[in-house]
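[1] Predicted model follows, preceded by the sequence.
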Amino acid sequence: MTTHSSPPALASQTTAPNRTDPSAAVIALGWLHTAKFLTTAPQLQFLPALDLPEIAFVGRSNAGKSTCINTLTQQKQLAFASKKPGRTQHINLFALGKQGVMDAVLADLPGYGYAAVPQQDKLRWQQVMANYLVTRENLKAIVLMCDPRHGLTELDEILLDIIRPRVEQGLKFLVILTKADKLTRSEQGKALSIMQLQAGGGEVRLFSATKRQGIDEVATLLWLWAHPVISLAA
Ligand SMILES: Nc1nc2c(ncn2[C@@H]2O[C@H](COP(=O)(O)OP(=O)(O)O)[C@@H](O)[C@H]2O)c(=O)[nH]1
Ligand SMILES: [Mg+2]
């Protein structure tokens, strides 16, 4: 797979997706489906420097991150790639791009806050994650997975503090409220309002893999963020 700074496969389309166009989701989901395992690294310094928009997925363990990535990419093997022995505490990168032309990257960061992990490993991981979130140059967007039944945990709050300066400088930020099927409609509305206040200007979406809620919206948003030039031209 070759890298390219602009996405020629999509650039050839005459209409680019916008948030209200239902065909946008079809394009966005087709693009996400191209995700392929690219590389894995225990620390930022071992990741390849890339000149393509990177979208990082973060969240506490069990928040539903793997399920969400599998659902968005319509692939079961992807989260499996991140579960291989030795990779669970790594940053795993997946290449995206139509017709074999890579035009963006998904980064799956290890889940945090799992009680059984030794304290020393927790601290090491927080360091790796903070380093990645603060200094990864091509980082374009952060997607934080949050189970709305638990709300933001202490580690989620630390993460929000770490990324705030970059979000203020234009880094895109999305909170996905996972497992929305576990909430009633009114609970969903409430969870959405609360998180909109906490997300510091970021986007918030309800999501359910089982009820297939929020998939089109999230896919379209990620596509737009990864293809700002085409989006503006449309
Ligand atoms: N009801 C429901 N359960 C979900 C959903 N997404 C994930 N789960 C469940 O939540 C648990 C954790 O999911 P997983 O994707 O492994 O979380 P991760 O640790 O953040 O990668 C699993 O038992 C999933 O089946 C969802 O949309 N609805
Ligand atoms: Mg997982």
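    Happy to help now that I have it. Ligands and ions are numbered 1, 2, ... in the order given.
[2] Okay, residue 85 and residue 64: tell me how far apart.
    22 Å (C-beta to C-beta, to the nearest Å). C-beta: built from backbone N, CA, C; applies to glycine.
[3] the more surrounded of these two?
    Counted by other C-beta atoms under 10 Å, residue 85 and residue 64 do not tie: residue 64 has more neighbours, with 22 against 5.
[4] so the more buried one touches residue 144, yeah?
    No. At 11.5 Å, residue 64 does not count as touching residue 144 under the criterion of C-beta atoms under 8 Å.
[5] Could you verify that residue 59 is part of a strand?
    Yes. With DSSP: H, G, I helix; E, B strand; the rest coil as the criterion, residue 59 is located in a strand.
[6] what sits against the nearest residue to it once chain neighbours are set aside?
    Counting by C-beta to C-beta, 6 or more residues apart in numbering, residue 59 lies nearest to residue 145, which is 3.2 Å off, once chain neighbours are set aside. Residues near residue 145 by C-beta atoms under 8 Å, 6 or more residues apart in numbering: 57-60, 63-65, 68, 176, 178.
[7] ok, now how distant is residue 34 from ligand 1?
    According to C-beta to the nearest ligand atom, to the nearest Å, residue 34 stands 21 Å off from ligand 1.
[8] tally of neighbours for that residue?
    For residue 34, the neighbour count with other C-beta under 10 Å is 21.
[9] Relative to residue 209, how far out is it?
    20 Å.
[10] Repeat that for residue 136.
    Here residue 136 is placed at a distance of 27 Å from residue 209 (C-beta to C-beta).
[11] May I have the longest strand along the chain exported as CSV, CA atoms only?
    Longest strand in the chain by number of residues (criterion: DSSP state E): strand 139-146. Presented in CSV, the C-alpha positions along strand 139-146 are these (Å, rounded to 0.1, in the frame of the first residue of the first chain):
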residue,chain,number,x,y,z
LEU,A,139,-3.2,13.2,15.0
LYS,A,140,-6.3,14.7,13.6
ALA,A,141,-9.1,13.4,15.8
ILE,A,142,-9.6,11.6,19.1
VAL,A,143,-12.6,9.4,19.7
LEU,A,144,-13.3,8.7,23.4
MET,A,145,-15.5,5.7,24.1
CYS,A,146,-17.6,6.1,27.2
